[in-house]
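Below are the sequence and a predicted model; questions follow.
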Amino acid sequence: MKDNTIASEAFSSGRKSFFLDFKLARNKSNYMRITNLVRFEDGSTRKARLYIWQEDFELWISAFASLFQSAAYAAEKDVTVLDLFNQGKQKGESGIKSWNPEKRPREKFLENGPGEMTLAELIAMLIGSGTADANAVELGEKILKSVDNDLSKLSELSHIELAKFKGMGLAKSSAILSALELGKRAFSIKSILGRKSA
């Protein structure tokens, strides 16, 4: 089975062409394949490829942002890419990691148990991380709001519908849908056992 291409873009300038393919690997993880094709005057070509896996997307984006910021501060010789990267990280530390430990979903779950958790916090535990614009809890709240906080409506959504939310991909949507399916099955087993004991 070949890897599936989810989306593609192509850009050309002179003899250079770039092809960007967002792909789904056989192990169900996403990756980006960047192909650079150069055509020479004699008709020959040279092709080079770079693969970036989903877990490295954020790192690459941060690296590019730091590089461009460093170029903007090129006149200030004392500022390095690493300095700017760390400054950017400090400015961006407004996510769940910056919360008091007792308010973080995982810590709250361990301390108080699942019964004390909001639906958004439980979803945040499944998806793990949010985006630069919304932490995992806020992302959970957006998803829940779209289905009027109705878990049965949420369980009817497809991967594609969940992936429309910024920060949601195949892995995160699969985690939510799997948890909801486990809940359905657990409820069915309880119902069957309840009828047998009656």
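Received the coordinates, thanks.

how many other residues sit next to Lys172?
23 (other CB atoms under 10 Å). Any C-beta I mention is one placed from the backbone N, CA and C, and that applies to glycine too.

OK, contacts around the nearest residue to it once chain neighbours are set aside?
Computed as CB to CB, 6 or more residues apart in numbering, the closest residue to Lys172 that is not its neighbour in sequence is Ile127, at 4.3 Å. Contact analysis of Ile127 by CB atoms under 8 Å, 6 or more residues apart in numbering lists 136, 139-140, 167-168, 172, 175-176.

can the residues you listed go into a markdown table with extra columns for secondary structure?
Shown next, in a markdown table, are the contacts of Ile127 (DSSP: H, G, I helix; E, B strand; the rest coil):
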| residue | secondary structure |
| --- | --- |
| Ala136 | helix |
| Leu139 | helix |
| Gly140 | helix |
| Gly167 | coil |
| Met168 | coil |
| Lys172 | helix |
| Ala175 | helix |
| Ile176 | helix |
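
Same list (those) but as CSV, adding distance to Val38 and pLDDT.
Formatted as CSV, the contacts of Ile127 follow (distance: CB to CB, whole Å; pLDDT from 0 to 100):
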residue, distance to Val38, pLDDT
Ala136, 42, 86
Leu139, 41, 91
Gly140, 46, 91
Gly167, 35, 84
Met168, 36, 86
Lys172, 37, 87
Ala175, 41, 89
Ile176, 43, 91
